[in-house]
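[1] model this:
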Amino acid sequence: MAQRRPTGASTTARRRYWWQLRRRWRMLGVFEINPEHEFFHLTSVMKEGMQALIQATMDTPEQVNYYLRLQSEETHTHEGYQMQTFAAPVFAKLRRSLDITEEEYMNSLCLGGYYLQFVSNSKSKADFFVTNDKRFFLKTQSRREVRFLLSNLQAYMDHLEKFPHSLMVRFLGKSDYKYFIVMQSVFYPDERINIRYDIKGAEVGRWANPDTGGKQIIKVLKDNNFKGSIALGPEKSWFTSQVKADAAFLKELNVLDYSLLLAQQPLHRDELEGKHSLANVVIQGVQTLGCIRHSHHHRLLPNCKNAIHVIDGPEQRYFVGIIDIFTVYNLKKRLENLWKSLRYPGRAFSTVRPTKYSGRFSQWIQDRTQ
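    Numbering: from 1, shown residues only. As a prediction, this is how the structure comes out:
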């Protein structure tokens, strides 16, 4: 008996079903900021202001004294608001080092459709927005955090020059309207990622219930949820060394409470085969910050999007990045350390001296990397 071939109508219905399923997965944990959304006006203002600022950067010659670049501030006046950017030429240089053109940056931030509001189980009080293509995050910051970034911008750039493939997230812009920063997304592209971790190397309060309760949010799991290993094979040595270098840098800035964002997905067959192809294995055209003398701190980047935050093991692709680098060990944190020492004697909590935090963070990752 001959089998019935699917009709055009059934094929169309099937395609529509898969398209809707794919869109639902793509929108997991995010909500479109359309004209009915409470943040629509704010994000529209941000996009309009940033478009003018990026265009101004594109029109500015690069031959400017580097110190003056660090100190530069630009203000653009629009109808009903002003937008100010800080050290725009410096951030533009950093974008170029990642092979991100100003046209790409503008298209994603300003011309690429509605922003998305990111929703997770994070305790942060900041507002998170994501560009429609999910390539860049925009995060509101406090005045103190902004001052900290700007006061340490030279040290931050020096570290990225010495370690071009540092795991620290790249801050690609800073503007003044409800202070916000633009950063590269660690988990991009995210179509095949279904589990994410936020790792601090601590024990107290470091477990998250993976059950979403039916809500459309992304659950970010923590240290005590992590039961496996980071299987990198030959990349282990570079990865653990870079974690130590980044943590040591943050220790020098007197910073604690930063995290390693971590996700993984199986490598597809074509990706596994591509690992052994001289034509596809590496993007060597990604520009560094212009310093050959630190070439021993480089690694061969995989030929994929967001290569700076991607490391391929023998069978798994890992997305990694160090985030939340603005918490300084000040008097408030010292008092918090004292209180937690009394409440959790002998246990590992996150509010500790930067020296201890750096060592424990690096060791946690070292112990779980193969």
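[2] backbone phi and psi for the nearest residue to G113 once chain neighbours are set aside, please?
    Spatially, and ignoring its direct neighbours in sequence, G113 is nearest to N132 (3.7 Å; Cβ to Cβ, 6 or more residues apart in numbering). Every residue, glycine included, has its C-beta placed from N, CA and C. Its backbone dihedrals place N132 at phi -60, psi -30, with angles given as degrees, to the nearest 10.
[3] N132 touches Y115, doesn't it?
    Yes - using Cβ atoms under 8 Å as the test, N132 is close enough to Y115 to be in contact (6.7 Å).
[4] Between the two, which is the more surrounded one?
    More crowded of N132 and Y115, by other Cβ atoms under 10 Å: Y115, with 26 against 17.
[5] all helices for the stretch 101-250 of the chain, in order.
    For the stretch 101-250 of the chain, helices defined by DSSP state H, counting those that start in this stretch occupy the ranges 102-106, 143-151, 153-162, 236-252.
[6] Would you reformat those helices as JSON lines and include mean neighbour count, mean pLDDT and distance to M58?
    Supplementary listing: those in JSON lines, determined by neighbours: other Cβ atoms under 10 Å; pLDDT from 0 to 100; distance: least, Cβ to Cβ, whole Å:
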{"stretch": "helix 102-106", "mean neighbour count": "17", "mean pLDDT": "93", "distance to M58": "5"}
{"stretch": "helix 143-151", "mean neighbour count": "15", "mean pLDDT": "91", "distance to M58": "22"}
{"stretch": "helix 153-162", "mean neighbour count": "17", "mean pLDDT": "93", "distance to M58": "20"}
{"stretch": "helix 236-252", "mean neighbour count": "19", "mean pLDDT": "97", "distance to M58": "31"}
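[7] I'd like those as a markdown table, with distance to S358 appended.
    Below are those laid out as a markdown table (distance: least, Cβ to Cβ, whole Å):
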| stretch | distance to S358 |
| --- | --- |
| helix 102-106 | 32 |
| helix 143-151 | 17 |
| helix 153-162 | 14 |
| helix 236-252 | 4 |
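[8] closest to Y344 out of those helices?
    If you check each of those against Y344 by Cβ to Cβ, helix 236-252 wins as the nearest, at 22.3 Å.
[9] how far out from the middle of the chain is the closest one?
    Helix 236-252 has its average C-alpha position 17 Å from the chain's average C-alpha position, going by Cα atoms, centre = their mean, to the nearest Å.
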